[in-house]
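this is a predicted model, with the sequence first.
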Amino acid sequence: MPPLRTGSAEQFRQVRQCLERAGFREQPAASLLGLTRLSDILDGKGGVDAGASDSPLGLLARLFLLGDSAPVSVLERVLPAEAVSSLRALGLVVEEGAPPGQCFAPVLLAPVGEFYFVSDRVSRPDRKPFVAPGDMVFAAVTPETGRFLRLLPNSPCERLLDLGSGTGVGAVAAAGSGVARRAWAADITARATHFAAFNAQLNGVEAVCAVEGDLYAPVAGLVFDRIIAHPPYVPALKTQWVFRDAGEMGEEITRRIVAGLPEFLEPGGRLYCLTTALDMKDRKLDARVREWLGGRAGEFDILLVEFEQFTLKNVAADLVLRGQRASEEGRALLAGFEKAGADRFVHALIVIQRHAGRREPFVVRKTAGRRTGSAEIEWLLAWRNAGAASGFEQRLLEGRYTATESFSLNIAQRFEDGALAVAGMELKTEYPFETECEIQPWAASFLAACGQPRTGFEIYEFCRAENLVRGEVSPEEFTELLRSLVDSGFLELQGFKLPGEAG
Ligand SMILES: C[S@@+](CC[C@H](N)C(=O)[O-])C[C@H]1O[C@@H](n2cnc3c(N)ncnc32)[C@H](O)[C@@H]1O
């Protein structure tokens, strides 16, 4: 039975107000606990100095973040009476099971951005060895969920589906911040569904509907203009934790999320899925995602933003070393990856959009740089969407370009016949994505000429006058070069300003 009880809107408001007034937010709470990241509490780190332990913030941090018990007398003295009564009524603070005169929180309650999320505890209040239940509700305060939230767009949408919503964090944050007019939080476990409904009320967000079932089953018949997912992706021979395990290759849930898009994503809508999946030796992940879409793949554009890569051995060994799998299972998983022809695991954001027009779909794969975030991903999608429209070549010729300030041009020189000669040139940038490519000296001269804004046509004419391109190259052919330089972040085209470029 979930430990939480539902209550009146007033009780939830009392609790929210008590948390807010105490300054129970990520940064103040982390500082009070001596942590740089609040998520470190999940590893058992952090403590409250004696001087601060009986302040409202100190008490809330001890109860809800560290999972300690506290004297009932302190609870009643430090927090307002109506808040204490609401905390008790909602099951957020209990005395049953605690030593006499003490109380504890049967859940973890953490601030995430401007919201609060209740999830399952990761330790026992009596500090005896803790075994997480199979349907444990994944904490919203994890670094993984933090990254997931940061990668989601701020642009408004009508109907958002958060698949595998756990605490309901994606749906509650989107509806609570006004990004989504309505949001559905869907999860396979009854426990997560109960927590998501509770969290929506705790945050006073009414536009969230928490539903229980296998992926799209509880929303059959509905369509969405935004689907978000941070699914389980850890390889497992058999499921121990629903929040983590996803079949022998770890891709089972991700594949089914993608396969459901033709039925559940409306034209113009997008999926944002943060996951880990495989590049196979003969087919990269982006090509495989396209296959998962089935016969209607032509209606969908795919953008894959890669954050990390792991070798097959690393993944199998890591599971064993972290005590998540027995050595035997680690070996069996590795043998399975190799037999299937896997090459490496890729941790990536998969964005899939159902394009509204009749045109060829695009498939793009990028590597995230240190500054790559939601704004850069949205920039790329806007740029690619515009670029896929017919007649865009004209804009490429007429628009003004400037070289960006983020890239470096590295020139390698070697001795040749007793004198230093240019042996190669490489363009490199981390922004908006990580890109490096070899270029010819003529392309460097043309980039140098883009220190000042020039139209595509002027650049073309300049290149011809300087004999940088052959005479027979047409302006339209030349636009392909301009397009690829903008795509990589080396040139900026008027109207497609990079979010993080100066000026
Ligand atoms: C890694 S957790 C992420 C939770 C939440 N979205 C977040 O980012 O904090 C994955 C969630 O997917 C849910 N899940 C696993 N298999 C599912 C399925 N077949 N259908 C729906 N939800 C599923 C789990 O119960 C869990 O809550």
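Noted; the coordinates are in hand. Numbering: from 1, shown residues only.

bridge partners for the one residue in the stretch 401-503 of the chain that gets nearest to the ligand, pull those for me.
Nearest to the ligand in the stretch 401-503 of the chain, going by C-beta to the nearest ligand atom, is residue 433, at a distance of 23.5 Å. For glycine as for every other residue, the C-beta is placed from the backbone atoms N, C-alpha and C. Legend: beta-bridge partners of residue 433 under DSSP bridges are residue 368.

burial of it, as a residue count?
22 (other C-beta atoms under 10 Å).

same thing with the one 5 residues further on?
Each residue near residue 438 was counted by other C-beta under 10 Å, and the total is 10.

for residue 338, see how far away it is.
33 Å (C-beta to C-beta, to the nearest Å).

and for residue 97?
Distance from residue 97 to residue 338, by C-beta to C-beta: 48 Å.

try residue 411
42 Å.

so where's the stretch 1-150 of the chain uncertain?
1 (pLDDT under 70).

can you give me the helices in it?
For the stretch 1-150 of the chain, applying DSSP state H, counting those that start in this stretch gives helices covering 9-21, 26-32, 56-60, 72-78, 81-89, 143-151.

could I get the ones you listed as TSV with mean neighbour count?
Formatted as TSV, the helices of the stretch 1-150 of the chain follow (neighbours: other C-beta atoms under 10 Å):
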stretch	mean neighbour count
helix 9-21	17
helix 26-32	17
helix 56-60	22
helix 72-78	15
helix 81-89	18
helix 143-151	17
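
using TSV, lay out the ones you listed together with distance to residue 483.
Output for the helices of the stretch 1-150 of the chain, formatted as TSV (distance: least, C-beta to C-beta, whole Å):
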stretch	distance to residue 483
helix 9-21	49
helix 26-32	41
helix 56-60	53
helix 72-78	62
helix 81-89	58
helix 143-151	25
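
tell me which of the ones you listed sits nearest to the ligand.
Nearest of those (C-beta to the nearest ligand atom): helix 143-151, 3.7 Å.

which helices and strands does that closest one pack with?
Judged by 3 or more C-beta pairs under 8 Å, 6 or more residues apart in numbering; DSSP states H and E, the packing partners of helix 143-151 are strand 107-112, helix 169-176, strand 265-280, helix 374-388.

what secondary structure does residue 258 sit in?
Using DSSP: H, G, I helix; E, B strand; the rest coil, the structure places residue 258 in helix.

so for stretch 222-238, first residue to last residue, what's the gap.
32 Å (C-alpha to C-alpha, to the nearest Å).

also stretch 380-400?
18 Å.

residues in contact with that stretch?
The contact list for stretch 380-400, computed with C-beta atoms under 8 Å, 6 or more residues apart in numbering, reads 270, 301, 303, 351, 353, 355, 357, 359-360, 362, 364, 366, 432-433, 453-457, 460, 475-476, 479, 482-483, 486-487, 493-496.

and those, which are buried?
270, 301, 303, 351, 353, 355, 362, 364, 366, 432-433, 454, 456, 460, 475, 479, 482-483, 486-487, 493, 496 (16 or more other C-beta atoms under 10 Å).

neighbour count: residue 411 and residue 338, which is higher?
Using other C-beta under 10 Å, the more surrounded residue of residue 411 and residue 338 is residue 338, with 14 against 11.

nearest spatial neighbour of the more buried one, chain-adjacent residues omitted?
Of all residues not flanking residue 338 in the chain, residue 312 sits nearest, at 6.6 Å (C-beta to C-beta, 6 or more residues apart in numbering).

residue contacts, the one you found?
334, 337-338, 342-345.

using CSV, lay out those residues together with distance to residue 127.
Below are the contacts of residue 312 laid out as CSV (distance: C-beta to C-beta, whole Å):
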residue, distance to residue 127
334, 36
337, 38
338, 42
342, 41
343, 44
344, 40
345, 35
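
go through those residues and name the one nearest the ligand.
residue 345 (15.7 Å).

could you pull up phi and psi at that closest one?
phi -90, psi 140 (degrees, to the nearest 10).

what of residue 365?
phi -130, psi 130.

for residue 209, same thing?
When read as degrees, to the nearest 10, the backbone of residue 209 gives phi -120, psi 120.

quick one: closest of the helices of the stretch 1-150 of the chain to residue 207.
helix 9-21 (14.2 Å; C-beta to C-beta).

could you dump that closest one to PDB, C-alpha only?
Taking C-alpha atoms only, helix 9-21 is exported to PDB below (Å, rounded to 0.1, in the frame of the first residue of the first chain):
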ATOM      1  CA  ALA A   9      -6.900  21.100  -1.700                       C
ATOM      2  CA  GLU A  10      -6.500  23.200   1.500                       C
ATOM      3  CA  GLN A  11      -4.400  20.500   3.200                       C
ATOM      4  CA  PHE A  12      -2.100  20.400   0.100                       C
ATOM      5  CA  ARG A  13      -1.900  24.200   0.100                       C
ATOM      6  CA  GLN A  14      -1.000  24.300   3.800                       C
ATOM      7  CA  VAL A  15       1.900  21.900   3.200                       C
ATOM      8  CA  ARG A  16       3.100  23.800   0.100                       C
ATOM      9  CA  GLN A  17       3.000  27.000   1.900                       C
ATOM     10  CA  CYS A  18       5.000  25.600   4.900                       C
ATOM     11  CA  LEU A  19       7.700  24.300   2.500                       C
ATOM     12  CA  GLU A  20       7.900  27.600   0.600                       C
ATOM     13  CA  ARG A  21       8.000  29.700   3.700                       C
END
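
next, the angle from that helix to helix 81-89.
Per axes from the mean of the first three to the mean of the last three C-alpha atoms, to 10 degrees, the angle that helix 9-21 makes with helix 81-89 is 110 degrees.

now the angle between strand 107-112 and helix 9-21, please.
60 degrees.

contacts for helix 9-21, please.
Residues contacting helix 9-21 (C-beta under 8 Å, 6+ apart): 56, 60, 79-80, 82-83, 85-87, 89-90, 92, 109, 111, 116, 201-204.

now with 10 Å?
Residues outside helix 9-21 that contact it (C-beta atoms under 10 Å, 6 or more residues apart in numbering) are 5-8, 24-25, 56-57, 60, 64, 79-90, 92-93, 109, 111, 114-116, 198-204, 206.
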